[in-house]
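Asks: Predicted model and sequence follow; I will ask about them next.
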Amino acid sequence: MPRTDVLLADPRVVAAGDRLGRDLVKAAVTAVQQRVRDGGLAAEAAVDAVVAALPASAASLHRVLNATGVLVHTNLGRAPWSAAAVDAVVAASGTTDVELDLATGRRGPRGEGAIGALLDAVPAAEAAIVVNNCAAALALVATCLGGELVVARGELVEIGDGFRIPDLLVSTGARLHEVGTTNRVTLADYTAAVDSDTGAVLKVHPSNFVVRGFTRSVEVEELVGIGVPVVADVGSGLLRPHPALPDEPDLQSTLAAGADLVLASGDKLLGGPQAGLVLGRADLVQRLRRHPLYRALRVDKTTLAALEATLRGPVPPVHRMLGTTTGELRARAEAVVAALGGQAQVDVQVVESSARVGGGGAPEFELPSVALSLPAACAEPLRHGSPPVVGYVADGRTLLDLRSLDPADDGALVGAVRACR
Ligand SMILES: *Cc1c(COP(=O)(O)O)cnc(C)c1O
């Protein structure tokens, strides 16, 4: 039996310990010793087996190539960050001037850079704050402005994984005054519901579904002047209208239409870090910021850094992916096939496909796309590859969609397909 101290003293194992910490290395050593004890491994092969068994990093989250064709995929961590956001986070991850004014040496306002970038991007907003996510923004608004929140029945949505916005709102102690029916609500419904107990009228973008047919909803414009704050949760985090997504609400247009506050997720269409963005009237934003709950929901230095860099830096990956033409996607797919140079062990074809925005945005909107088509049996080995590649299976084939994949990862895709047999 190879001794623990001997295995731990091997230079390769020592080097791994510096990177991964002692506990992970020790666990790998113990597991390998057990394999030797069980007779499944020769003692001489133990060090190699320890090195092979070590995890790539001290965290269990892996880099995964998103070939699902869903640009903002919740199971894959929603928006990939821009390189500028990654750099900003690395800089902020040590000690940083998040609440210090280096010019005076005094305490400075927290998150000023990110807030300034948000206000520059959404000129219709007087003020803004950033909290952990859009659910946190809703909780803060409901706690601070509730009493009673007037909401249309057709907007009481479940956003996924069993999370229901009405349950979240009620959990804060706010009361809901539901108006209209599932398919129809009128301005008169809202007007009749507003009274001295009303804290706000809340409009929630239904995000991941549409109601069609005999429907009617009331737009923000019509609600202006109803006598209480109008709060719009647009969900998607689109800053301004996007030509590729004409039906998706955006922060600037919603405020310009007269909303007092607008809420959104930073990691949906904005394409940045997880964050809840609250923009609008200065007095209301100040009330939210002064509420004790704000302290429990505010974001850390790395989120502020990533958000500011996403807003000020180059176009984030999600927006690049939205804007890529099918001609570019086809050229990339054909380059991958050419790079395989006949070395693929499986049948690979370039096919037309259909991608989606994801993240609860534009549920019916299909983006024409291009994919590699492989045998269905490839899905599993691709998922177990290094890095793992996640596509989807349709009509008996594994499809790897190029639109949701960073072009910088096309080379890794070549390797993954080559390893697939
Ligand atoms: C996604 C979404 C939320 C929740 O946002 P998180 O940032 O995931 O907390 C809230 N409201 C709407 C309309 C959404 O689409």
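Replies: That came through fine. Numbers count the residues shown, from 1 in each chain.
Asks: How about the contacts made by the residue of the stretch 101-250 of the chain found nearest the ligand?
Replies: Shortest the stretch 101-250 of the chain-to-the ligand distance, computed as CB to the nearest ligand atom: residue-wise this is Gly235, at 2.5 Å. To be clear about C-beta, it is placed using only N, CA and C from the backbone, and glycine gets the same treatment. Neighbouring residues of Gly235 by CB atoms under 8 Å, 6 or more residues apart in numbering: Cys134, Ile159, Val204, His205, Ser207, Pro249, Ala264, Ser265, Lys268, Gly360, Gly361.
Asks: repeat for Pro388
Replies: Per CB under 8 Å, 6+ apart, neighbours of Pro388: His62, Val64, Leu65, Leu382.
Asks: all helices of the stretch 101-250 of the chain, in order?
Replies: 112-121, 134-145, 165-171, 187-193, 220-223 (DSSP state H, counting those that start in this stretch).
Asks: and these, which is most packed in?
Replies: Highest mean neighbour count of the helices of the stretch 101-250 of the chain: helix 134-145, a mean of 24 (counted as mean count of other CB atoms under 10 Å).
Asks: counting contacts, what elements does that helix pack onto?
Replies: If contacts are counted by 3 or more CB pairs under 8 Å, 6 or more residues apart in numbering; DSSP states H and E, helix 134-145 sits against helix 165-171, strand 198-204, strand 230-235, strand 261-265, strand 276-280, helix 282-290, helix 292-297.
Asks: Next, format these as JSON lines and append mean pLDDT.
Replies: Shown next, in JSON lines, are the helices and strands packed on helix 134-145 (pLDDT from 0 to 100):
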{"stretch": "helix 165-171", "mean pLDDT": "96"}
{"stretch": "strand 198-204", "mean pLDDT": "97"}
{"stretch": "strand 230-235", "mean pLDDT": "96"}
{"stretch": "strand 261-265", "mean pLDDT": "97"}
{"stretch": "strand 276-280", "mean pLDDT": "98"}
{"stretch": "helix 282-290", "mean pLDDT": "98"}
{"stretch": "helix 292-297", "mean pLDDT": "98"}
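Asks: Asp233 is in contact with Cys134, isn't it?
Replies: Yes: using CB atoms under 8 Å, Asp233 is in contact with Cys134, at 6.7 Å.
Asks: anything in contact with each of those two?
Replies: Leu263, Ala264.
Asks: So which bits of the stretch 101-250 of the chain are right by the ligand?
Replies: The interface of the stretch 101-250 of the chain toward the ligand, taken as CB under 6 Å from any ligand atom, is made up of Asn133, Cys134, Ala135, Ile159, Val204, His205, Ser207, Asp233, Gly235.
Asks: Tell me the one among the residues you listed nearest to Gly94.
Replies: Top of the list for closeness to Gly94, among those and by CB to CB, is Asn133 at 24.9 Å.
Asks: contacting residues around Val417?
Replies: Counted by CB under 8 Å, 6+ apart, Val417 has contacts Val336, Leu340, Ala344, Val346, Val348, Leu372, Leu374, Cys378, Leu382, Leu400.
Asks: Also His73?
Replies: Going by CB under 8 Å, 6+ apart, the list of residues near His73 reads Asn66, Gly358, Gly359, Ser404.
Asks: So the first one sits against Leu400, correct?
Replies: No: with contacts defined as CB under 8 Å, Asn66 does not count as touching Leu400, sitting 9.9 Å away.
Asks: With neighbour numbers in mind, choose between those two.
Replies: Between Asn66 and Leu400, counting by other CB atoms under 10 Å, Leu400 is the more crowded of the two (30 against 25).
Asks: residue ranges with poor pLDDT in the protein?
Replies: Nowhere does the chain drop to pLDDT under 70.
Asks: For the residue nearest the centre of it, which non-adjacent residue is closest in space?
Replies: With distances taken as CA atoms, centre = their mean, the residue of the chain nearest its centroid is Arg78 (2.8 Å). Once flanking residues are discounted, Arg78 sits nearest to Asp267: 4.3 Å by CB to CB, 6 or more residues apart in numbering.
Asks: and the one you found, that one's in a helix?
Replies: No: counting by DSSP: H, G, I helix; E, B strand; the rest coil, Asp267 is not found in a helix; it is coil.
Asks: Phi first, then psi, for it.
Replies: phi -110, psi 20 (degrees, to the nearest 10).
Asks: burial count for it?
Replies: 27.
Asks: for Arg356, same thing?
Replies: Neighbour count for Arg356, taken as other CB under 10 Å: 22.
Asks: and what of Gly77?
Replies: Gly77 has 14 nearby residues by other CB under 10 Å.
Asks: contacts for the host helix or strand of Asp18?
Replies: Here Asp18, judged by DSSP states H and E, is contained in helix 11-20. Identification of contacts with helix 11-20 by CB under 8 Å, 6+ apart yields Leu7, Leu8, Val25, Val29, Val47, Val50, Val51, Leu54, Pro55, Ser57, Ala58.
Asks: And stretch 301-312, by the same measure?
Replies: Counting by CB under 8 Å, 6+ apart, 81-82, 84-89, 91-93, 96, 98, 110-111, 113-114, 116-118, 120-121, 130, 266, 270-275, 299, 316 sit against stretch 301-312.
Asks: Strands - which of these land there?
Replies: When DSSP state E defines the strands, the subset of the contacts of stretch 301-312 inside them is Val130.
Asks: Only whichever of the contacts of stretch 301-312 are buried, select them in PyMOL.
Replies: Buried residues among the contacts of stretch 301-312 (16 or more other CB atoms under 10 Å), as a PyMOL selection:
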select buried, resi 81+82+84+85+88+89+92+98+110+111+113+114+117+118+121+130+266+270+271+272+273+274+275+299+316
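Asks: what's the neighbour count on the closest residue to Pro241 other than its chain neighbours?
Replies: Counting by CB to CB, 6+ apart, Asp250 is the residue found nearest to Pro241 once chain neighbours are left out, at 5.4 Å. Neighbourhood size, Asp250 [other CB under 10 Å]: 21.
Asks: ditto for Arg320
Replies: For Arg320, using other CB under 10 Å, the count is 16.
Asks: Convert the C-alpha atoms of the helix or strand containing it to PDB, please.
Replies: Arg320 is part of helix 317-323, with elements assigned from DSSP H and E. In PDB, the C-alpha atoms belonging to helix 317-323 read as follows (Å, rounded to 0.1, in the frame of the first residue of the first chain):
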ATOM      1  CA  PRO A 317     -21.500  38.400 -25.700                       C
ATOM      2  CA  VAL A 318     -25.300  38.000 -25.500                       C
ATOM      3  CA  HIS A 319     -25.700  41.000 -27.800                       C
ATOM      4  CA  ARG A 320     -23.000  39.900 -30.200                       C
ATOM      5  CA  MET A 321     -24.700  36.500 -30.400                       C
ATOM      6  CA  LEU A 322     -28.000  38.200 -31.100                       C
ATOM      7  CA  GLY A 323     -26.500  40.200 -33.900                       C
END
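Asks: I appreciate the help and will end here.
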